[in-house]
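# Could you look at this predicted model? Sequence included:
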Amino acid sequence: NPKSNWKKFSIAVDYENTKDFDNAQFSFGTNPNNSATNYFASVANSINVPSNVLESYYYDELTLREQTSFLGYQGYLINPNLLGGYTTNVSPGDFYQENYIESAGNNGKVAFNAAAEYKERFYFGLNLNSHFTDYRRITYFYEENDNNSTDGVKEFYFDRDLHTYGNGFSFQVGTIAKINKSLRVGLTYDSPTWYT
């Protein structure tokens, strides 16, 4: 419309994959000093959780550290000490260990853009962004030893599965004013991203 003061208008949709989480790594070897059962004993000792809690509570009633202690206790990886605290149920020696970590997912956004020109002097722009994240990491750990054939744990597996997902929103708004042929003034606002 040649009579309108709005001369130009544009809209666009943009997809951006900000981060790709696809990755895998594998490590193995013999640890001459530490069994991974020390991890469970260390967690249980750091929070000083009583053994009756690990015997009588349900897993989902416990905090994350209590759950870790619960798995070590119920899996016979750690034992309560008569003097208090916990010790590992593995004899000292060499420990063959394997650790495999696999991650997948991505983080990105879809942006809806609109821009307009008014009287060939003012330019306006707006972005509405829909953010998303989906991250999954699976860890498989294995340990075996031949330290003492009659005492304690000989091998164990410990698997963990972490899944994080969410959606978010953000926006940007801006304007540019043409003051004269050689001077432009711009103003923009970039909001934070609100995630759920």
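That came in fine, so what should we check first? Predicted model only: the values in this text are computed from it and were never measured. Residues are numbered from 1 along each chain as shown.
# Got the confidence number for residue 182?
Looking at residue 182, its pLDDT stands at 87.
# change the start of the numbering to 840 and stick with it
Sure, I'll start numbering at 840, so the last one becomes residue 1021.
# since we're on it, how many residues are nearby?
6 (other Cβ atoms under 10 Å). Bear in mind the C-beta positions are built from the backbone N, C-alpha and C, glycine included.
# got it, and residue 907?
20.
# Provide a list of residues in contact with the closest residue to it other than its chain neighbours.
Nearest in space to residue 907, with sequence neighbours left out and distances taken as Cβ to Cβ, 6 or more residues apart in numbering, is residue 882 at 4.7 Å. Residues in contact with residue 882 (Cβ atoms under 8 Å, 6 or more residues apart in numbering) are 904, 907, 908, 911.
# would the second one count as being in a strand?
In this case it means residue 907. No - counting by DSSP: H, G, I helix; E, B strand; the rest coil, residue 907 is not part of a strand but helix.
# Residue 879 is in contact with that one, correct?
Yes - counting by Cβ atoms under 8 Å, residue 879 is a contact partner of residue 907 at 6.4 Å.
# Got a PyMOL select line for the buried ones in the contacts of residue 882?
Buried residues among these (16 or more other Cβ atoms under 10 Å), as a PyMOL selection:
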select buried, resi 907+908+911
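# pLDDT and distance to residue 887 added to the contacts of residue 882, as CSV?
Output for those, formatted as CSV (pLDDT from 0 to 100; distance: Cβ to Cβ, whole Å):
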residue, pLDDT, distance to residue 887
904, 88, 10
907, 89, 14
908, 90, 10
911, 90, 14
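# Of the contacts of residue 882, which is the nearest to residue 977?
Residue 977 lies nearest to residue 907 out of those, by Cβ to Cβ, at 17.2 Å.
# related to what we said a few turns ago, could you measure the residue nearest to residue 907 against residue 954, distance?
Applying Cβ to Cβ, to the nearest Å, the value for residue 882 to residue 954 is 54 Å.
# who's in contact with the residue most central in space within the chain?
Centroid check for the chain by Cα atoms, centre = their mean gives residue 1003 as the closest residue, at 5.9 Å. By Cβ under 8 Å, 6+ apart, the residues touching residue 1003 are 972, 973, 974, 975.
# cool, and residue 1018?
By Cβ under 8 Å, 6+ apart, the contact set of residue 1018 is residue 1024.
# and it, that one's in a strand?
Yes - judged by three-state DSSP, residue 1018 forms part of a strand.
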